[in-house]
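Colleague: Build the 3D model from these lines:
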Amino acid sequence: MSVVRYADGPTVEVEVLVDAPAGTVWSLVSDIGTPVRFSAELQEAHWLDGERFVGRSAHPAIGEWETVCTVVAREPERVFGWVVGDPGHPSAEWRFVLEPDGPRTLLRQWMRMGPARSGLNLAIEARPDKEERIVARRLEEHRANMQDTVDGIRQMAEAAQASAP
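Modeller: Predicted coordinates for the structure are as follows:
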């Protein structure tokens, strides 16, 4: 078993196969308000301008916080990605990737911690002997929220597809 530290830039990815075309899925993943509907942590998201948005999150152990995110990838029906904080040195990177599979779409959501500091660093600095456990737990929290998000997007896309003329 390998040790995963924050400085390693740990990642997590989830996926779901959606019974709807990429255009339908794209309209949902490129709407920054969609994950708010499914994530237990993300409470609100609103645009600052055409490239930046603010996400407001809450966590029982951390409290509430806001982050400024910058869209760094926007290829319709392929990828929608953003970074948190300084785009040149972000505290996290997130992306949705869409892959057509016949009339369906394979939807993946991926995230990477770091390299810049985040709220997690306070917990790690308070208990450096527990860093691996702290990082693993945070990755599992992200994984659960991300899976809920892609599953919710699948349900919305399939419902839209079923009601399409």
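
Colleague: now the helices for this protein?
Modeller: With helices called from DSSP state H, the chain shows them at 22-29, 120-126, 131-163.

Colleague: Turn the ones you listed into JSON lines, columns for mean pLDDT.
Modeller: Output for these, formatted as JSON lines (pLDDT from 0 to 100):
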{"stretch": "helix 22-29", "mean pLDDT": "97"}
{"stretch": "helix 120-126", "mean pLDDT": "90"}
{"stretch": "helix 131-163", "mean pLDDT": "95"}
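
Colleague: Residue 12: which of those is closest?
Modeller: helix 131-163 (4.8 Å; C-beta to C-beta). Yep, even glycine has a C-beta here, placed from its N, CA and C like the rest.

Colleague: Quick one: work out the angle between the closest one and helix 22-29.
Modeller: 130 degrees (axes from the mean of the first three to the mean of the last three C-alpha atoms, to 10 degrees).

Colleague: other SSEs contacting helix 131-163?
Modeller: Secondary-structure packing of helix 131-163 (3 or more C-beta pairs under 8 Å, 6 or more residues apart in numbering; DSSP states H and E): strand 11-18, helix 22-29, strand 104-113, helix 120-126.

Colleague: Any buried residues in the one helix or strand in the chain whose mean pLDDT sits lowest, and which?
Modeller: Least confident element among the helices and strands of the chain, by mean pLDDT, DSSP states H and E: helix 120-126 (a mean of 90). Across helix 120-126, burial judged by 16 or more other C-beta atoms under 10 Å covers 120-121, 123-124.

Colleague: can you dump the C-alpha coordinates of the longest strand anywhere in the chain into PDB?
Modeller: The longest strand of the chain (DSSP state E) is strand 63-75. Taking C-alpha atoms only, strand 63-75 is exported to PDB below (Å, rounded to 0.1, in the frame of the first residue of the first chain):
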ATOM      1  CA  GLY A  63     -17.600  25.300   8.200                       C
ATOM      2  CA  GLU A  64     -18.400  27.400   5.200                       C
ATOM      3  CA  TRP A  65     -16.100  28.900   2.600                       C
ATOM      4  CA  GLU A  66     -16.000  30.500  -0.800                       C
ATOM      5  CA  THR A  67     -13.600  29.900  -3.600                       C
ATOM      6  CA  VAL A  68     -13.000  31.700  -6.900                       C
ATOM      7  CA  CYS A  69     -12.700  29.200  -9.800                       C
ATOM      8  CA  THR A  70     -11.400  29.800 -13.300                       C
ATOM      9  CA  VAL A  71     -12.600  27.800 -16.300                       C
ATOM     10  CA  VAL A  72      -9.500  26.400 -18.000                       C
ATOM     11  CA  ALA A  73     -11.100  23.900 -20.400                       C
ATOM     12  CA  ARG A  74     -14.300  24.300 -22.400                       C
ATOM     13  CA  GLU A  75     -14.600  22.100 -25.400                       C
END
